[in-house]
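Novice: need a structure here:
(chains A and B)
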Amino acid sequence: MSAHGNTYVPKSALAKWFESRLPLIGLVHSSFVSFPVPRNLNYFWTFGAILIAMLVSQIVTGIWLAMHYDPSAANAFNSVEHIMRDVNYGWLLRYMHANGASMFFVAVYVHIFRALYYGSYKAPREVLYILGVIIYLLMMATAFLGYTLPWGQMSFWGATVITNILAAIPVVGDTIQSLLWGGYSVGNPTLNRFFSLHYLLPFMITGVVVLHVWALHVTGQNNPAGIPIKSGKDAVAFTPYATIKDVFASVVFFAFFAYWIFYQPNYLGHADNYVPANPAVTPAHIVPEWYFLPFYAILRAVPDKLGGVILMFSAVLILALAPWLDTSRVRSCNYRPIYRQFFWLFVVVCIVLGWLGAKPPEGGYVLAARICTAYYFLHFLLVMPLVGLFETPKALPGSILETVTGPGKQVSGSGMPVGAAAAPSSKG
Amino acid sequence: MKTTRVLAASLLAAVMSVTATSADEGTPHPPREKWSFAGIFGRFDQAQLQRGFQVYKEVCSSCHSMSLVRFRNLSEAGGPGFSTGQVKELASQYKVKEQNDAGEDVERPARAADAFPSPFPNEKAAAAANGGKAPPDFSVLAKARTYERGFPLFVVDALPFVGFSEQGVDYIHALLNGYEDPPGGKEIPSGTYYNKYYAGHLIAMPKPISDGQVTYAKNDKGEPVVPETVDQYSKDVAAFMAWAAEPHMMARKALGLRVILFLLVLSGLLYYVKKKIWAKVGGEVHGLQPELHKTY
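Specialist: All right, here's what the predicted structure looks like:
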């Protein structure tokens, strides 16, 4: 965040005094006010702001829920129902938090696929991108831990399945499993640990988000054309331009979020999780939440347990290698006619994997899951390196400005922006 | 581009239709009923909830507990709408256990703040008295039961206006009407009963209710308001269970309408603010110093 020249000029004596001791206002100003934003960003670029809004929403509702929740095997289920029935607006807090997790993943998947489509992972944004993959991993861990807390049937058996998966890791697997269980099976100590970790991880996510935003503000944002900002005409100031766009998009997203909270609060969950946990009764189908389904399908596509575990974790980790697997120097798929087709095929394969993850592992489902799993990895290991070598990309535009106004057109430099963008700081 | 999308979409549809054939297990889907509380503007029918409670009290409650619901809930907004006086009177007909100051277990009449006492002292006793399996608690049962709708209906179910989230209530209604003779006169193990809608068809609960078993209140002219049939009883008790599982449903739907309308109006206003601000974008931007802002 400090890579930019500090354009903040303190006006009042107090601000001058403070700024010369800790340049915090200047830091915020250079990151969120005067920061140059490519002017051709589309609405897919608002999901970063939406994700921050969702993170805040999850932390705030989570803190309030924790005030009423009892993390013990005997009372967890009933304490969640106590929140639903007796706590003022408890039903709202819980449905916001449960559906908020799903919306968080909706937004993060849009964000990830946007990065993949526009080549945002390529140099010089590799570290920024890998920090994003780390946030995604932490989100998955947090969501899994959170889903066990209501201590319903799916909570209990989901925890059992996943901790058994970890036991398949060679050498350290059993130790990890015992540490998570706190005993010889999933039980009260497990729930206590999961609650503690579920409260810890969001703050670790927040920390990595700070690094993610920091890295973003060092390299600047990618954009739909995938070409750098070359002059001031290619950019707008973060405030008010990106700010108002982000606020507008976030409000639209929250209207979508609200629909699930108020009218389909249980659609994305499982009916079985309204049955209290019972170690003696296994549900007919143990299915994870929708956002894990593609990885669940990959896990079950492999006949060998350890092999399935390796492939499932590799499916996430391989994302981090994308900057080096993609050999094309052109970032945006808008200018990559061949790779773009493979990109959409990859999207469809991920959706089909998600659907297969919800189906029992039998008959045609297994075969389909194996084909899709194979493509998932081939996309990274074969398509990304090879297409980059053989594809002839379309001609890139001369500048970002050109993609907005059309080639050859000139925009007068005497427009409003100087005055408009200068206005916020003149108040400061 | 277009061809890829068409190709991808047809691949998606092909995989789904090929694999979907192996799913069905021979349990028919519950028929879809009309519920007053379904949909965005859904509201509980107070008279129906009161009738449903009567069925629960006179029939179901002899085996099924409802331990998360408190007597006072019956007089709270968005529910069956009993008066606080009625609830007090009703609660006093039940006995709850408590410890007195001498540490002895004593029984006292229930108060409005108490939860419904369970018919059995504990789960083991409930199981022992019911052929080895405790009858499930009613508190959240309407949300704990469902059936799979399959592709593409499950997608449609999520949408506004055509959406559907009453699978559990439909299932409960269907189950109570699903008792029949086993097909082909097949022998079934003793202690089980044949039910069309139960997974595996062999249910431990005998047919719990028959036509005319519960006498509903008549109207002013002494005529019945609704038929006293299993179909009506099961609709009423399923609606009551939907309320018991989600006592704040009406408050939720009402608040949701206001929240979403507010967000839509706000987003409309923000859209025009955004348009106005972006109309100013022309040339050089203040604060951008290319030599300092190394953007790639």
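Novice: mind checking how far residue A:110 is from residue A:54?
Specialist: 12 Å (C-beta to C-beta, to the nearest Å). Where C-beta positions appear, they are placed from N, C-alpha and C, glycine not excepted.
Novice: more neighbours: these two, which one.
Specialist: Here residue A:110 and residue A:54 are compared on neighbour count by other C-beta atoms under 10 Å in any protein chain shown; more neighbours surround residue A:54, at 23 against 17.
Novice: can you tell me the element that one falls in?
Specialist: helix A:47-66 (DSSP states H and E).
Novice: whichever helix or strand comes after that helix packs against which elements?
Specialist: Scanning forward in sequence from helix A:47-66 by DSSP H and E, the next helix or strand is helix A:76-85. Packing partners of helix A:76-85 (3 or more C-beta pairs under 8 Å, 6 or more residues apart in numbering or on different chains; DSSP states H and E): helix A:90-117.
Novice: contact residues of the stretch 101-250 of chain B facing chain A?
Specialist: B:136, B:139-141, B:143-146, B:151, B:157-158, B:160, B:163, B:165, B:167-168, B:199, B:245, B:247-248 (C-beta under 8 Å from any C-beta of the partner chain).
Novice: repeat that with 7 Å
Specialist: B:139-140, B:143-146, B:158, B:160, B:163, B:165, B:168, B:247-248 (C-beta under 7 Å from any C-beta of the partner chain).
Novice: which one of these has the most neighbours?
Specialist: For these, neighbours tallied by other C-beta under 10 Å; top is residue B:140, 28 neighbours.
Novice: quick one: residues contacting it.
Specialist: By C-beta atoms under 7 Å, 6 or more residues apart in numbering or on different chains, the contact set of residue B:140 is A:81, A:274, B:68, B:245.
Novice: just flag the most distant two among those residues.
Specialist: A:274 and B:68 (10.9 Å; C-beta to C-beta).
Novice: quick one: pLDDT of residue B:243?
Specialist: Per-residue confidence (pLDDT) for residue B:243: 98.
Novice: nearest spatial neighbour of residue A:290, skipping sequence neighbours?
Specialist: residue A:268 (6.2 Å; C-beta to C-beta, 6 or more residues apart in numbering or on different chains).
Novice: next up, the contacts around the one you found.
Specialist: A:99, A:102, A:260, A:290.
Novice: between those residues, which is nearest chain B?
Specialist: Closest to chain B out of these is residue A:260 (8.4 Å), distances taken as C-beta to the nearest C-beta.
Novice: who touches stretch A:49-68?
Specialist: Outside stretch A:49-68, the residues that reach it (C-beta under 7 Å, 6+ apart) are A:79, A:82-83, A:87, A:90, A:93-94, A:96-97, A:100-101, A:103-104, A:107-108, A:111, A:199, A:202, A:205-206, A:209, A:246, A:249-250, A:253.
Novice: picking up where we left off before, put the alpha carbons of the helix holding residue A:54 into PDB.
Specialist: C-alpha atoms of helix A:47-66 as PDB (Å, rounded to 0.1, in the frame of the first residue of the first chain):
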ATOM      1  CA  PHE A  47     -16.500  -9.000  -6.400                       C
ATOM      2  CA  GLY A  48     -13.400  -8.100  -4.400                       C
ATOM      3  CA  ALA A  49     -15.400  -5.400  -2.500                       C
ATOM      4  CA  ILE A  50     -18.400  -7.800  -2.300                       C
ATOM      5  CA  LEU A  51     -16.100 -10.400  -0.700                       C
ATOM      6  CA  ILE A  52     -14.800  -8.000   1.900                       C
ATOM      7  CA  ALA A  53     -18.500  -7.100   2.700                       C
ATOM      8  CA  MET A  54     -19.300 -10.800   3.100                       C
ATOM      9  CA  LEU A  55     -16.300 -11.300   5.400                       C
ATOM     10  CA  VAL A  56     -17.400  -8.500   7.600                       C
ATOM     11  CA  SER A  57     -21.000  -9.800   7.600                       C
ATOM     12  CA  GLN A  58     -19.800 -13.300   8.600                       C
ATOM     13  CA  ILE A  59     -17.600 -12.100  11.400                       C
ATOM     14  CA  VAL A  60     -20.200  -9.700  12.800                       C
ATOM     15  CA  THR A  61     -23.100 -12.300  12.700                       C
ATOM     16  CA  GLY A  62     -20.700 -15.000  13.900                       C
ATOM     17  CA  ILE A  63     -19.600 -13.000  17.000                       C
ATOM     18  CA  TRP A  64     -23.300 -12.400  17.900                       C
ATOM     19  CA  LEU A  65     -24.200 -16.100  17.400                       C
ATOM     20  CA  ALA A  66     -21.300 -17.200  19.600                       C
END
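Novice: average pLDDT for it?
Specialist: What helix A:47-66 shows for mean pLDDT is 98.
Novice: what angle separates that helix from helix A:90-117?
Specialist: 150 degrees (axes from the mean of the first three to the mean of the last three C-alpha atoms, to 10 degrees).
Novice: ok so, going back, now the residues of the stretch 101-250 of chain B next to chain A as a markdown table including pLDDT and secondary structure?
Specialist: A markdown table is the format used below for those (pLDDT from 0 to 100; DSSP: H, G, I helix; E, B strand; the rest coil):
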| residue | pLDDT | secondary structure |
| --- | --- | --- |
| B:139 | 97 | coil |
| B:140 | 98 | coil |
| B:143 | 98 | helix |
| B:144 | 97 | helix |
| B:145 | 96 | coil |
| B:146 | 95 | coil |
| B:158 | 95 | coil |
| B:160 | 92 | coil |
| B:163 | 91 | coil |
| B:165 | 94 | coil |
| B:168 | 97 | helix |
| B:247 | 98 | coil |
| B:248 | 98 | coil |
